[in-house]
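1. Okay, here's the prediction I keep looking at, along with the sequence it came from:
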Amino acid sequence: MKKSLPLPPKGLVRLPTVLNHYQISQSGFYQGIKDGIYPKPIKAGNKSFWRAEDIHELIDKISTGDGVCHGK
């Protein structure tokens, strides 16, 4: 069984952590970024990170019905 990666209240997280808490395919998430639906990553060298606060906000919007969920 895949180990669950915690989503901290603050800080930077990698994509596997994001996708563990926001159920969508990697390609669907990147398409959502391109479409302006999901937050853009912060680039550090050749790695991408997302602000945990942005992911919490995204999850809150979906759970209250204020956001768009494009699960694939």
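-> It's in.
2. From now on I want contacts and neighbour counts done on CA atoms only, so please keep to that.
-> Noted.
3. tell me which helix or strand of the protein sits lowest on mean pLDDT?
-> helix 52-64 (a mean of 92; mean pLDDT, DSSP states H and E).
4. how close does the most centrally placed residue in the chain sit to residue 8?
-> Centroid-nearest residue in the chain, with C-alpha atoms, centre = their mean: residue 18, separated by 3.9 Å. Here the criterion is C-alpha to C-alpha, to the nearest Å. By it, residue 18 lies 11 Å from residue 8.
5. How about residue 38?
-> From residue 38 across to residue 8, the span is 18 Å (C-alpha to C-alpha).
6. rewinding a little: tell me the contacts of the residue nearest to the centre of the chain?
-> Residue 18 is in contact with 7, 50, 55, counting by C-alpha atoms under 8 Å, 6 or more residues apart in numbering.
7. now the strands for the chain?
-> Remark: strands assigned in the chain by DSSP state E are 12-13, 42-44, 47-51.
8. out of the ones you listed, deepest packed?
-> strand 12-13 (a mean of 20; mean count of other C-alpha atoms under 10 Å).
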